[in-house]
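Visitor: Let me see the structure of the following:
(chains A and B, ligands or ions: 2)
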Amino acid sequence: MAYFLQQLINGVTLGAVYGLIAIGYTMVYGIIGMINFAHGEIYMIGAFIAVIGFTLFSGLPLVSAILLVLALSMIFTAIYGWTIERTAYRPLRNSFRLAPLISAIGMSIFLQNYVQLLQGARVRPIPPMIKGSFKFFQDSDFVVNLTYLQVIIVVSTIALMTVFTLIINKTAIGRQQRACEQDKTMASLLGVNVDHTISMTFIMGAMLAAFAGVMVTLYYGVVHFFIGFLAGMKAFTAAVLGGIGSIPGAMLGGLLIGLIEAFWSAYFTIEYKDVATFVILVLVLIFRPSGLLGRPEIEKV
Amino acid sequence: MLEFKDVQTFYGSIQALKGVSLNVEKGEIVTLIGANGAGKTTLLMTLSGVTPASVGSITFKGEDITKMRTDMIVRKGIAHSPEGRRIFSKMTVFENLQMGAMTNDPAKFDENLAYVFELFPRLKERGWQNGGTLSGGEQQMLAMGRALMSNPEFLLLDEPSLGLAPLVIKDIFRAIKQINEEHGMTVLLVEQNANHALKLAHRAYVLVTGNIVLSGTGQELLSNPEVQAAYLEGGH
Ligand SMILES: Nc1ncnc2c1ncn2[C@@H]1O[C@H](COP(=O)(O)OP(=O)(O)OP(=O)(O)O)[C@@H](O)[C@H]1O
Ligand SMILES: [Mg+2]
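Guide: Ligands and ions are numbered 1, 2, ... in the order given. Here you go, the predicted model:
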């Protein structure tokens, strides 16, 4: 029981991170119908900026350092996200369907190598910054650990997702994004600048991924130029599982993938934990391609 | 107010407009009639910058808008209710109207909304319903209401009566007339329902495979034997 509870805690933490990244996949898919395979790299860059930032601000009080790093990481990745769309995807928007996809894979490889060149191929560590935990539920000699950091990650992710959901559902920019998702020509006929709205989507997705990157850096304490690939694939699976194009779906999918990974590692073999995710991806694509919350449109003509 | 000069529009190698010249003056209702595939929708889409003209010029209030981006043209005061209505089906009626008000001064929102609800009281009852669940007639009202929310000077309507029951059609035409008379709204109306549309129009043009072949007042075209033969059969 205690062991189960521990995995639940770990799974929810992981799930929060995957959910944040998955939103970026699902939003971009929703608005321009492509999978942004470079999104995992955006997350990786967010994590690298965190490592650099935490090293730079090691003299500052903890809270200011974290807030500063979050701000820096989100701003810089926003610039990366914006630039990627402008340079690699926008020129291909009216091209054949596979063109932006190929460009995305190219962009992903480019960014991995770019970070490797600038930051080196070795693992980059930071010292643990937030220590301590709540301990409870003793089962013989097993203690359930809920670290302060896990609480911070889960609570701040819920807060961020709430704010984000409000932006999408209640503000003008959110409405414009939803309008572009449904009918870009009609949106432009009402005065929406479609290019600008697509840029905003990339910026928002990148900022959420950066937030995840900073949290993961604090959580694991190490960063490597290759982490974007695995995290990206898992978040992508989460987005597909939840129903690609659906934002609540991405959040739910992220949570489920996090839980599945945690429980799989705990009760089966930890070596195959990544395989579990991809088995799910394949199964979802075969049996329910619209995902859990995605549904075929009901539309009257 | 609006002037087309020798406008030509292509879809790839297909030429849909073959040198169209026309004008619309402030306060007029001008109707454009023509058979399927004549290029009526293309003409409106060219005006709105969705399928820009390759040759010729379009001026609105003296300004050349031929190559302007669609959202900028909208900001000049041209609202477009397109063929097929294109309601945002996953947004509520209210959100659709909010989308229409995007380019408008937020201070005018309530006033505009009240006016749209006065024109189409049914929309008010359905404010929180998703656009996709409205009936065809209600969707058409929403499409027009949404266009009016931008407080435009010039309204483009592409086949507003398409697929609607006679009573609803009457309602739609009544609304067009009311907007024109009460607000001095200038309207360019595309219609297959030529009988109704010509009666309503101050002036009209007939488009045949990308060329304007006839023009005159609504009454002139109504009594024109060629128009009667081609567009008014059974219309009376
Ligand atoms: N996207 C497109 N690609 C290629 N050709 C097109 C496209 N849209 C329209 N056309 C062609 O341009 C011509 C004019 O079409 P348009 O839709 O403007 O006609 P219309 O007068 O509005 O017809 P309807 O009364 O059926 O709506 C037609 O021959 C049509 O096939
Ligand atoms: Mg048409």
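
Visitor: contacting residues for A:Met204?
Guide: For A:Met204, the contacting residues are A:Gly24, A:Met27, A:Phe164, A:Ile167, by Cβ atoms under 8 Å, 6 or more residues apart in numbering or on different chains. (Each C-beta comes from the backbone N, C-alpha and C, glycine too.)

Visitor: and these, which of them are in helices?
Guide: Within the contacts of A:Met204, residues falling in helices by DSSP state H are A:Gly24, A:Met27, A:Phe164, A:Ile167.

Visitor: Now chain A against ligand 2: closest residue?
Guide: Nearest residue of chain A to ligand 2 (Cβ to the ion) works out as A:Thr185 at 14.0 Å.

Visitor: Does the longest helix along chain B pack against any helices or strands, and if so which?
Guide: With DSSP H applied, the helix covering the greatest number of residues in chain B is identified as helix B:166-183. Using 3 or more Cβ pairs under 8 Å, 6 or more residues apart in numbering or on different chains; DSSP states H and E as the contact criterion, the elements in contact with helix B:166-183 are strand B:29-34, helix B:109-119, helix B:136-148, strand B:186-191, helix B:194-200.

Visitor: May I see those arranged in TSV, with mean pLDDT and mean neighbour count as well?
Guide: Listed next are these as TSV, based on pLDDT from 0 to 100; neighbours: other Cβ atoms under 10 Å in any protein chain shown:
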stretch	mean pLDDT	mean neighbour count
strand B:29-34	95	25
helix B:109-119	95	16
helix B:136-148	96	24
strand B:186-191	96	24
helix B:194-200	91	21
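
Visitor: mind checking which of those is nearest A:Ile105?
Guide: A:Ile105 sits nearest to helix B:136-148 of all the helices and strands packed on helix B:166-183, at 39.6 Å, using Cβ to Cβ.

Visitor: May I have the strands that pair with the next helix or strand after the closest one, each with its orientation?
Guide: From helix B:136-148 onward toward the C-terminus, using DSSP states H and E, the following helix or strand is strand B:154-158. Next to strand B:154-158 in the sheet, as set by DSSP bridges, lie strand B:78-81 (parallel), strand B:186-191 (parallel).

Visitor: Return the distance of B:Asn151 relative to B:Phe88.
Guide: Using Cβ to Cβ, to the nearest Å, we find B:Asn151 at a distance of 20 Å from B:Phe88.

Visitor: Look at those two and report which has more neighbours.
Guide: Each of B:Asn151 and B:Phe88 has its neighbours counted (other Cβ atoms under 10 Å in any protein chain shown); B:Phe88 has more, 24 against 18.

Visitor: Test my guess that that one contacts B:Glu95.
Guide: Yes: under the contact definition of Cβ atoms under 8 Å, B:Phe88 touches B:Glu95, with a separation of 7.1 Å.

Visitor: Can you work out which residues contact both of those two?
Guide: Counting by Cβ under 8 Å, 6+ apart, the residues touching both B:Phe88 and B:Glu95 are B:Gly131.

Visitor: if I pick the residue in chain B that ligand 2 sits nearest to, what's in contact with it?
Guide: When scored by Cβ to the ion, chain B has B:Thr41 as its residue closest to ligand 2, at 3.1 Å. The neighbours of B:Thr41, taking Cβ under 8 Å, 6+ apart as the test, are B:Pro82, B:Glu83, B:Asp158, B:Val190.

Visitor: For beta bridges, what are the partners of the most centrally placed residue in chain B?
Guide: The centre of chain B sits closest to B:Leu157, judged by Cα atoms, centre = their mean, with a distance of 1.4 Å. Counting by DSSP bridges, B:Leu157 forms beta bridges with B:Ser81, B:Leu189.
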